[in-house]
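Peer 1: sequence and predicted model, in that order:
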Amino acid sequence: DAKTTQPNSMESNEEEPVHLPCNHSTISGTDYIHWYRQLPSQGPEYVIHGLTSNVNNRMASLAIAEDRKSSTLILHRATLRDAAVYYCILRDVQGAQKLVFGQGTRLTINP
Amino acid sequence: EAQVTQNPRYLITVTGKKLTVTCSQNMNHEYMSWYRQDPGLGLRQIYYSMNVEVTDKGDVPEGYKVSRKEKRNFPLILESPSPNQTSLYFCASSLIGSVGSPLHFGNGTRLTVT
């Protein structure tokens, strides 16, 4: 099963950019990179996903390394409401759908 | 509103008393899955289903059963619950075969087995 590695925790200041890294050295050609976040007392929510090219949406940006073995979720101006656990997972849309979430990165935002 | 609905939100039961946690989605998704979340262990997949009558084991299937008789429902069954199944459970659904389909999660069921 394709797995990802993330730092256990990160800390940043409000209104500053945040770069959350994810390593996925065993990624296959048909794996999409997905990011989810989990706010306290809630279920995970989708943030962004991509295959090869960098992606932007209203919540965040996703930067994917050229060899696809790592990616970075970018929050351009962190707010206190961005404090959450962020999960990076690989999802193969052609194969089995056994997904491995791992422990994610707990992001703390300082006011 | 597109959503994944889990019931109940909270459940306290005793060892050995069979229980079912329901999960329903209104988005016509083929894929559905169950996860448990425990402190320090993150989200771990229990079972998943690619479509009606198609289910498969995740990483921690022991002690759990599932069924997928209808596309919208994917109940999680604990035939004989034990205290080590005390956990926070999440159901999720998505399309498959579409470009990087995102998962939609329910709000969770907190189960306590005494």
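Peer 2: That came through fine. Computed from a predicted structure; not experimentally measured.

Peer 1: tell me where the chain has helices.
Peer 2: Using chain A here. In chain A, no helices are defined using DSSP state H.

Peer 1: so where's it uncertain?
Peer 2: Along chain A, the model assigns pLDDT under 70 to residues A:1-2, A:93-96.

Peer 1: what does it put close to chain B?
Peer 2: Proximity of chain A to chain B, by CB under 8 Å from any CB of the partner chain, involves residues A:32, A:34, A:36, A:42-46, A:49-51, A:87, A:91, A:93, A:96-104. (C-beta placed from N, C-alpha, C; glycine too.)

Peer 1: give me the buried subset of those.
Peer 2: A:32, A:34, A:36, A:43-44, A:46, A:49-50, A:87, A:91, A:93, A:97-104 (16 or more other CB atoms under 10 Å in any protein chain shown).

Peer 1: ok, the strand ranked longest in chain B near chain A or not?
Peer 2: Criterion DSSP state E: the longest strand present in chain B is strand B:42-51. Yes: residues of strand B:42-51 contacting chain A under CB under 8 Å from any CB: B:42-45, B:48, B:50.

Peer 1: also stretch B:24-33?
Peer 2: Yes: on the criterion CB under 8 Å from any CB, stretch B:24-33 is in touch with chain A at B:31, B:33.

Peer 1: kindly export that stretch (C-alpha atoms) in PDB.
Peer 2: Provided in PDB are the C-alpha atoms of stretch B:24-33 (Å, rounded to 0.1, in the frame of the first residue of the first chain):
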ATOM      1  CA  SER B  24     -25.800   6.700   4.400                       C
ATOM      2  CA  GLN B  25     -24.800   9.000   1.500                       C
ATOM      3  CA  ASN B  26     -27.000  10.900  -0.900                       C
ATOM      4  CA  MET B  27     -24.400  11.500  -3.700                       C
ATOM      5  CA  ASN B  28     -24.800   8.200  -5.600                       C
ATOM      6  CA  HIS B  29     -21.200   7.400  -4.700                       C
ATOM      7  CA  GLU B  30     -19.800   3.900  -5.600                       C
ATOM      8  CA  TYR B  31     -17.100   3.900  -2.900                       C
ATOM      9  CA  MET B  32     -17.700   3.800   0.800                       C
ATOM     10  CA  SER B  33     -15.400   3.100   3.700                       C
END
